[in-house]
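below are the sequence and a predicted model for it; my questions follow.
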Amino acid sequence: MNQTLRRFRRSYFLYSFRRDWVAMTSFTVLLVFLLAGLAAPLIAPYHPWDPDSIDIMNSEIPPRWMEAGESSFLLGTDVQGRDMLSTMLFGLRLSIVIGLGAVLLQGFLGIVVGLVAGYIGGRADSILMRIADIQLSFPYLMVAIFISAIFQVAFGIGRYEELAVPLLVVIIGLAEWPVYARTVRAAVMGEKNKEYVEAARVIGLSRGKIMFRHVLPNTLTSVLVISTIQVANAVMSEAALSFLGLGMPVTKPSLGSLIRSGFEYIFSGSWWITFFPGILLVVFVLVINLLGDWLRDVLNPKLYKG
């Protein structure tokens, strides 16, 4: 354990991280967002899902520093009288859960499909990649809207709102798995003819053991890089679906549904209802993308400086 920690401290990964102020700042901001979102029930001044803590008479109160603001509501309230800061913390929490869940699902599907297509090849490769190509030919948001509409018809609006979080995870996961499949397939095709794979075949290991125990670990670098980008894409997909009315219900707002709920009031003077959740969403996605760019560069062996 001590030797592993000592090796990590001397690694190029940590050296590059310490020398890159953009990566360090992005990581710090992301860590604050993650902790704030996950600890929302503990640190939020109010519970935006509790009807007893909502007073419609407090609707559209401006932020505290404005003339009509109140000290009880730092960032003001929305049209339902909910505290904006509390609602944003709970919305961030939902967006994080949906984003991570969707990436886990699309990663699982894409990795399995990519491994099978790349290692087995032949007709299996052709069929699986044509399915991925057909799905990639449509904008991912269109696929997500299509799947979301099917689920709403199948479950009904009321039931859909109760199951909104797991359904959105499935919708976004099914919409973007081909990204992983194509990446893993390309990496597997570069690995399957190397000597360690040939040695595994010679000693009689099964095809499944070779794929998952030997080939897969050597493709995880590219998977890790695209996962950071896909988390940001999943959060944006959820926000887009919620903005279009196909995502989280008003009673359980995410960042996207918060932006949608305040959009019609932005020109009537209640700009903060959309502005603050929008800024939070932009910064959250930005720091994830910046970390993903740094990770892509530091894990690229062609850029390794020794």
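It's in.

quick one: contacts for residue 266?
Residues near residue 266 by C-beta atoms under 8 Å, 6 or more residues apart in numbering: 273-275. Yep, even glycine has a C-beta here, placed from its N, CA and C like the rest.

likewise for residue 56?
80-81.

the helix or strand containing residue 126: how far from the chain's middle?
Taking DSSP states H and E as the criterion, residue 126 maps to helix 122-136. Here the centre of helix 122-136 is set off from its chain's centre by 25 Å, with C-alpha atoms, centre = their mean, to the nearest Å.

which stretches of the stretch 201-306 of the chain form helices?
Assigned by DSSP state H, counting those that start in this stretch, the stretch 201-306 of the chain shows helices spanning 207-209, 220-243, 255-263, 272-298.

give the other helices and strands that the shortest one contacts.
For helix 207-209, not one helix or strand is in contact under the criterion 3 or more C-beta pairs under 8 Å, 6 or more residues apart in numbering; DSSP states H and E.

just give the nearest non-adjacent residue to residue 149, would you?
residue 246 (7.0 Å; C-beta to C-beta, 6 or more residues apart in numbering).

kindly tell me how buried the one you found is, as a neighbour count.
Residues near residue 246, counting by other C-beta atoms under 10 Å, number 20.

could you do residue 18 as well?
10.

A strand includes it, no?
No. Residue 18: not assigned to a strand; according to DSSP: H, G, I helix; E, B strand; the rest coil it is helix.

not counting sequence-adjacent ones, nearest residue to it?
Going by C-beta to C-beta, 6+ apart, residue 18 has residue 24 as its nearest residue, at 7.2 Å.

so which helix or strand takes in that neighbour?
helix 21-38.

wait, which of the contacts of residue 266 is closest to residue 133?
residue 274 (37.6 Å; C-beta to C-beta).

pLDDT score for that closest one?
Per-residue confidence (pLDDT) for residue 274: 85.

repeat for residue 178
At residue 178, pLDDT is 88.

check the one 10 residues further on too.
Residue-level confidence at residue 188 comes out at 86, pLDDT.

buried ones in the helix or strand hosting it?
Element membership for residue 188 (DSSP H and E) is helix 164-191. Within helix 164-191, the residues scored as buried using 16 or more other C-beta atoms under 10 Å are 164-165, 167-185, 187-188, 191.

over to stretch 234-245?
234-243.

closest one of those to residue 151?
Of these, the one sitting nearest to residue 151 (C-beta to C-beta) turns out to be residue 241, at 11.1 Å.

what's the closest non-adjacent residue to the closest one?
Per C-beta to C-beta, 6+ apart, closest to residue 241 is residue 247, 3.8 Å.

any idea how far residue 273 is from the one you found?
Residue 247 sits 17 Å away from residue 273, going by C-beta to C-beta, to the nearest Å.

one step back: now the helix holding residue 24 against helix 272-298, angle please.
130 degrees (axes from the mean of the first three to the mean of the last three C-alpha atoms, to 10 degrees).

okay, buried residues for the helix or strand just after helix 21-38 please.
Sequence order places helix 40-43 as the next helix or strand after helix 21-38, per DSSP H and E. With burial defined by 16+ other C-beta under 10 Å, the residues of helix 40-43 counted as buried are residue 40.

which strands and helices sit next to helix 40-43?
helix 84-120.

and the angle from the helix holding residue 126 to helix 164-191?
Going by the same axes, to 10 degrees, helix 122-136 makes 130 degrees with helix 164-191.

could you give the angle of helix 122-136 to helix 84-120?
150 degrees.

quick one on the thing from earlier: residues contacting the residue nearest to residue 241?
148, 164, 168, 238-241, 254, 256-257.

got the contact list for residue 245?
Neighbours of residue 245 in contact, by C-beta under 8 Å, 6+ apart: residue 260.

any idea how far residue 203 is from it?
57 Å.

and what of residue 143?
43 Å.

also residue 186?
27 Å.

over to residue 221?
26 Å.

the two: who's more crowded?
More crowded of residue 221 and residue 203, by other C-beta under 10 Å: residue 221, with 14 against 6.

excluding its backbone neighbours, what's nearest the more buried one?
residue 299 (5.1 Å).

cool, and residue 81?
residue 58 (4.0 Å).

I'd say the one you found and residue 73 touch.
Yes. Using C-beta atoms under 8 Å, residue 58 and residue 73 qualify as a contacting pair, with a distance of 7.3 Å.
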